[in-house]
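*Asks:* Attaching a predicted model along with its sequence, questions to come.
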Amino acid sequence: GKVYEDDLFGCLEWSYSETCILYVAEKKTPKAESFFQSKPEHSVNGNKDDNRAKDGQKPEKGCQFVYWDDWGEALTNKSTPVLCVLNIWSGNVSVLHGIPEHISPGEAIWAPEDAGIIFVGRWHVPWRLGLKYCTNRKSALYCVDLTGNEYLEISSGINSVRSPRLSPDQHHLIFLEGGSVKTHHQCYGLSLYNLDKKVTSTVVGIVDYPAIDGFTGVYSSALARKCWATDSQRILIDTTQRSRKDLFVVNIATGTVTPLTAGPDTASWTLLDVCQDLIVVSCSSPNCPPNLKVGFLPAAGHEQEIIWMALGEDKPLNGIEWKILTFTPHFEHENPKFNSLQFEGILLLPGQEQNAKPPLVVSPHGGPNSVFITCWMLMPAVFCRLGYSVLLVNYRGSCGFGQDSIRSLLGNIGSQDVKDVQFAVECVLKGEVMDSENVLLIGGSHGGFIGCHLIGQYPGFYKAFATRNPVINLASKLGTTDSPDHTMVQAGFDYAQDQLPTPSVLATLLSKSPITYISQATTPVLIMLGEKDKRVHPSQGLELHRALKARGIPVRLLWYPDDNHSLSNVDTEADVFMNIAVWFNFALNRPQ
């Protein structure tokens, strides 16, 4: 079948002997044909018009329209992955057998001395939940020998795991392991498996409430493919720390986490590669596009003495200033179970004449357990160059602020997140020189959910709103999304795949939905939908469009037939930005 090229299942790994290549491909489905299929005609050269005669497989009649479950958003047509080994000398491809039937293998690497395959196995029974952006899927680490006669389950199988990385001396396996929180993304532990003793230990635990200016935990979606130091005692990770991404070195023996980039420089760093202790990173900030830097990892205990060398010019762009703002919620908005939580925002300010008051563009992120970091982001930077201020809000529930911050949002979506964003906006308008009469709003997915709440709960406050694939009605979303567990958990409920929604659950979901406030909205809305979106079905945006049109509120709908939830195709992304810019200019009576 088709080779997997994605970063969730796919791999392409040389064996240590350099004679074989390990990869993941789709398992071939049984051949099917219509009940009324006539016998295939012979071509002029006497051969059949297909290869069914060659493999001897008899087609299954009446099965060509059978539904095959897939892994959802951005992973359509990927259903049953198998591990394949290509022998480059003989050209033979063998499919690895002996893998438990209830799991789908991926992220595979060679075991020491090519004795087997280590891989992540994700549960796919009773049916597959959407995997893209969801690092919480039940999974375990396995090791299977090449004959398929026996396999070993390395991790417990209770929580999610990913990113197995074998040490250079082939004695240790490091991987990320989730906790008991069922949100789609969260703080993760760094676990270590000793291949000699066959014992698993925790190197870095989950951080519930970080100390002020302390390490906030590991939030990486994946470890770098090569992250080990040559001494096989240290690994390098990049992870969100509040509103920035930093680089750390972790000692697997002591659990010590040492920052390599923390300091007055508030840029964000991404680890690209480690080779013979030479570290390659990408560094950027909201006013500085990405640039490469390299540095040699010093000896253990002296890591902070590392010297970074830039491989290109990293001069900030003129006309954009930025800073991180910290917000403490009003006491009436504090979460009684998780008090004293703060949140942050990244504010971009345009270069402007003295006494000029730029309009403000507000953007809460999606997720909700995602985060804005101080890296290069094209759309905010361009808006800033167009004369807008831009506020990116990391409300409570964002990643990078401790597990308690993520827990605090469970059951409180539609209230805590909405109040945090509005509070941040009002604080900025009071503390900064900008036009308080011209506040604009952008939000996608859960950011669109928050945005729809804002225009309904604070009617007339926002001059215009642009939203991409917004969540508008949690009750109707439950039956159309590839991740219904996400909807239930964020609303404060437990989830099981065999449960059916009750009237009380549906009523609660509806009460937390922005559709209940849309009757109060007056803000003009631009809606942008991806037809292939399996995470937030386009029917959500259509529901918003109809509600606004019925009430005479200015609304425009853009439909992208070849795009999905991210709206990230090049043509789509360009069209989205231009339409938002025009929509905002129209709302502010600016020249087009």
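*Replies:* Perfect, thanks for sending it. Numbers count the residues shown, from 1 in each chain.
*Asks:* Mind listing what's buried along the helix or strand harbouring residue 250?
*Replies:* Assigned by DSSP states H and E, residue 250 belongs to strand 244-251. Buried residues in strand 244-251, counted by 16 or more other CB atoms under 10 Å: 244, 245, 246, 247, 248, 249, 250, 251. The way it works is simple: take the backbone N, C-alpha and C, and place the C-beta from them, glycine included.
*Asks:* Can you tell me the closest non-neighbouring residue to residue 196?
*Replies:* residue 171 (5.7 Å; CB to CB, 6 or more residues apart in numbering).
*Asks:* Kindly report the same for residue 31.
*Replies:* Nearest to residue 31 is residue 59, by CB to CB, 6+ apart, at 4.3 Å.
*Asks:* looking at this structure, which helix or strand is least sure?
*Replies:* Across the helices and strands of the chain, mean confidence by mean pLDDT, DSSP states H and E is lowest for helix 52-55: a mean of 44.
*Asks:* Next SSE downstream of that one?
*Replies:* Counting by DSSP H and E, what follows helix 52-55 is strand 60-61.
*Asks:* The following helix or strand past that next one packs against which elements?
*Replies:* The first helix or strand that comes after strand 60-61 along the chain, using DSSP H and E, is strand 81-87. Where contact means 3 or more CB pairs under 8 Å, 6 or more residues apart in numbering; DSSP states H and E, strand 81-87 is packed against strand 20-26, strand 93-95, strand 103-110.
*Asks:* Distance of the residue nearest to residue 31 relative to residue 28?
*Replies:* Remark: distance between residue 59 and residue 28 (CB to CB, to the nearest Å) = 13 Å.
*Asks:* Quickly list what the closest residue to residue 121 other than its chain neighbours is bridged to.
*Replies:* Closest residue in space to residue 121, ignoring its immediate chain neighbours: residue 103 at 3.5 Å, by CB to CB, 6+ apart. Listed by DSSP bridges, the beta-bridge partners for residue 103 are residue 123.
*Asks:* tell me the contacts of residue 103?
*Replies:* 121, 122, 123, 124, 139, 140, 142 (CB atoms under 8 Å, 6 or more residues apart in numbering).
*Asks:* at 10 Å what do you get?
*Replies:* Residues near residue 103 by CB atoms under 10 Å, 6 or more residues apart in numbering: 81, 119-125, 138-140, 142, 153, 157.
*Asks:* Dump the helices and strands packed on strand 81-87 to JSON lines, plus distance to residue 503.
*Replies:* Below are those laid out as JSON lines (distance: least, CB to CB, whole Å):
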{"stretch": "strand 20-26", "distance to residue 503": "40"}
{"stretch": "strand 93-95", "distance to residue 503": "48"}
{"stretch": "strand 103-110", "distance to residue 503": "35"}
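*Asks:* Pick the most buried one from those.
*Replies:* strand 103-110 (a mean of 22; mean count of other CB atoms under 10 Å).
*Asks:* residue ranges of the strands in the stretch 451-592 of the chain, please?
*Replies:* Taking DSSP state E, counting those that start in this stretch to define them, one finds strands in the stretch 451-592 of the chain at 464-468, 525-530, 555-560.
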